[in-house]
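In: Sequence and predicted model, in that order:
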Amino acid sequence: MVQSCVIFSQKRIEQKAEKAYEKLAYVNAIKTYERLVSKGYVSVEILEKLADSYYFKADYEKAAQYYSRLIDLNQEVYPEYYYRYALTLKTLGNYKKADEMMVFFADKRKQETRALLIQQGKEYLKTIEKNSGFYSIENTEINTKYADFGGAFLENKLVFASARDTGSIGKRVHSWTGEHFTELYESEWDEEGKLHTPTKCAGSINSKFNESSLVATRDGKTIYFTRNNYNDGKKGKDSLHSTLLKIYKSTWQENHWGKCTELPFNSNQYSVAHPALSVDEKTLYFASNMPGSYGQSDLYKVSINDDGSYGTPINLGPTINTEGRETFPYISTDGFFYFASDGHPGLGGLDVFQTKIASDGTIQKIINLGTPINSPFDDFAFVMAPNKHFGFVSSNRSGGKGNDDIYRIKPINKICTQSIRGLVLTKGTEVPSTSIMVGLYDNEHRLIKTITADSKGNFVFDEVACHADYAIRVEGKDFETKEEAIRVEDEGIEKQIQINETIQVLKVGDDLSKVFNIKNIYFDLDRFEIRPDAAVELAKILDVLEAYPHMSLAIRSHTDCRNRATYNLILSENRAKATLEWLVSKGINASRLTAKGFGETQLINACACEPINDSNCTEAQHQANRRSEFLITKL
């Protein structure tokens, strides 16, 4: 009775609105980098920023273009860029190249979960193992040698589907299974979850074709259930002459279930099956392969209006739905969402998974419930009794009584969850960043949830699964997007994330070298010609000067203390002058520029060498003094 369907899509992040240039100078670093590349000024830093800017806006074609150029530089690259490049290549259909990039990534991140999945293919089993052992399981009293599956709680009874032979004359046999068509039965249960002898549900809900998977309202007066396309004695067929599945509704009338009516979003051309109700009973969830699905069967939701009408079915999206089968949804009284799938990593066949869907539709981390709920066979139709002391799951695992059996389950422990808490700060100022969006992604880079940091820059993700890898992505208007990988073990995580402003307000006296993190314009030993790598850095200054024709700069060159002070002063003067001349050669009017060398007279640390021309400072400390400054003298 399991029908299915699904299609992959990705949520698109809207492009950030550009901030208008007003009287002050607003420097958009990303746009500057793009102009630099178009002029031939290329570096690892520039390509990383450009590629990421398009990747985070889901413009994968342009992201792939810049990731490709980044990799082709043959310089040291952060391993994450191989992974992101591979993802963009897959969206473009270049799976061969994507696999090559995944191999590079895995080689550089041998201990990371994603790398292990790439290299070994079955390491996800370790994660499932950690989620295992939280339930006990046993076969129930009501199973037969035929198919018995599904379950819904209706007052003090479990309603389930069964193909058991009741001896009815003229009972039809399903040509596919060789068993009788399934009908709905009910069995009373006690406080321990033991089931009594079942009886067939009364009224018109059973027909001569298949019925299965029912859900009831809390008052027990309305049910939704699955049936073959058969109503009022007529069998419906699709264009290929197949009889598919539909969801029907019935209400209790004195001592029986009344006339069955099919829901308006059913169709003869696709299946709609396995209904489930939200806690507030205002939303109906179901499985279908209707047009727009991602694969064999997807999970959908539809609103139930106050007047009894229905909204438009909405696909739950690619976080839950895959190219495989997602089916048998169920929502527990505490709001957890369960479903069966063979598209998510599992033990084989259908496995049962758990997640939670927020009021805004955001889907949290999807967790495989592990053994003994899941097995190498099909495991589905997970339900928990309102008291939560016991529940049931269906399976065709070995050792059962029939084709599908209903198993009683009891919780042993709660699946481990923790919290991720964090603080977002603006880099350089250490001031909390406000109006910042923080996204939580799983280890396959699928969005789990997005929240807004509070006025102090704090954020928190609750009920995050333990023993799992995640990524935190921080973004906001006029800020560079930043992503950091984390792993949650048995304890919660506290994370501080610093982000850079992409648009900065400039004023007289500001140093442009700090805007672009220019710490040194390199020259060859005893030389002052502008080298190609220095030209890439200077091109950033050039672009700003071109964008703001009224801006003037003071170029200041400094050295470390090594060598004689008089020599360093002359060297810095020559390098400052060479810098000015390079900018003039690119079209900047010389009247807008001044150049001065300060030698070792303005060290920014305690790394002086005089009078013995010697120092115990490290090379990094000396390098901090070898800097170029570009101070704004006029706007």
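Out: Received the coordinates, thanks.
In: When you work out contacts or count neighbours from here on, use the C-alpha atoms and nothing else.
Out: OK.
In: so how many other residues sit close to D442?
Out: 19 (other CA atoms under 10 Å).
In: How about the contacts made by the closest residue to it other than its chain neighbours?
Out: Using CA to CA, 6 or more residues apart in numbering and skipping residues adjacent in sequence, the residue nearest D442 is Y470, 4.7 Å away. Taking CA atoms under 8 Å, 6 or more residues apart in numbering, we find Y470 in contact with 440-443, 485-488.
In: And for H274?
Out: Taking CA under 8 Å, 6+ apart, we find H274 in contact with 212-214, 225-226, 247, 286-287, 327-329.
In: just checking, which of the residues you listed belong to strands?
Out: Filtering these for membership in strands, criterion DSSP state E, returns 212-214, 225-226, 247, 286-287, 327-329.
In: What residue spans form the domains of this structure?
Out: The chain breaks down into these domains under automatic domain parsing: 32-121, 135-411, 417-500, 504-634.
In: Nearest to T127 among those domains would be which one?
Out: Proximity to T127 (CA to CA) singles out domain 417-500 among those, at 6.8 Å.
In: got the end-to-end distance for that closest one?
Out: Domain 417-500 has an end-to-end distance of 32 Å (CA to CA, to the nearest Å).
In: I'd like the mean pLDDT over it, please.
Out: Mean pLDDT, computed over domain 417-500, is 86.
In: How about stretch 579-587?
Out: Mean per-residue pLDDT for stretch 579-587: 92.
In: for the chain, what spans make up the helices?
Out: Under the criterion DSSP state H, the chain contains helices at 29-38, 44-55, 60-72, 80-91, 95-108, 113-120, 124-130, 512-515, 532-547, 565-585, 619-625.
In: what's the least confident stretch among those helices?
Out: Lowest mean pLDDT within the helices of the chain: helix 113-120, at a mean of 50.
In: Adding mean neighbour count and distance to N315, write the helices of the chain out as TSV.
Out: TSV is the format used below for those (neighbours: other CA atoms under 10 Å; distance: least, CA to CA, whole Å):
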stretch	mean neighbour count	distance to N315
helix 29-38	17	35
helix 44-55	20	25
helix 60-72	20	24
helix 80-91	21	21
helix 95-108	17	27
helix 113-120	16	28
helix 124-130	16	27
helix 512-515	17	45
helix 532-547	18	46
helix 565-585	19	56
helix 619-625	15	55
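In: So for K401, which of those helices sits nearest?
Out: Of all the helices of the chain, helix 124-130 comes closest under CA to CA, at 26.5 Å.
In: Can you pull out the residues in contact with that closest one?
Out: Against helix 124-130 from outside (CA under 8 Å, 6+ apart): 117, 345-347, 368-371, 467-468.
In: burial measure for A216, as a count.
Out: With other CA under 10 Å as criterion, A216 counts 23.
In: State the distance from it to S591.
Out: A216 sits 82 Å away from S591, going by CA to CA.
In: ok, now K634?
Out: Where S591 is concerned, K634 sits at a distance of 12 Å (CA to CA).
In: Just confirm K356 contacts G335, I think it does.
Out: Yes. The criterion here is CA atoms under 8 Å, and K356 meets it with G335 at 6.8 Å.
In: Comparing the domains of the chain, which comes out most buried?
Out: Highest mean neighbour count among the domains of the chain (mean count of other CA atoms under 10 Å): domain 135-411, with a mean of 19.
In: Determine which two of the contacts of helix 124-130 are furthest apart.
Out: Among these, L117 and T371 lie farthest apart (CA to CA), at 20.4 Å.
In: residues in contact with S204?
Out: By CA under 8 Å, 6+ apart, the neighbours of S204 are 257-260.
In: Show the pLDDT at it.
Out: For S204, the pLDDT comes out at 76.
In: same deal with G93?
Out: G93 is given a pLDDT of 71.
In: low pLDDT regions in the stretch 151-300 of the chain?
Out: For the stretch 151-300 of the chain, applying pLDDT under 70 flags the ranges 165-180, 229-243.
In: Could you pull out the strands in it for me?
Out: Counting by DSSP state E, counting those that start in this stretch, residue ranges of the strands within the stretch 151-300 of the chain are 157-162, 183-188, 199-200, 211-216, 222-228, 230-231, 234-235, 245-253, 256-257, 261-262, 272-277, 283-288, 295-296, 298-303.
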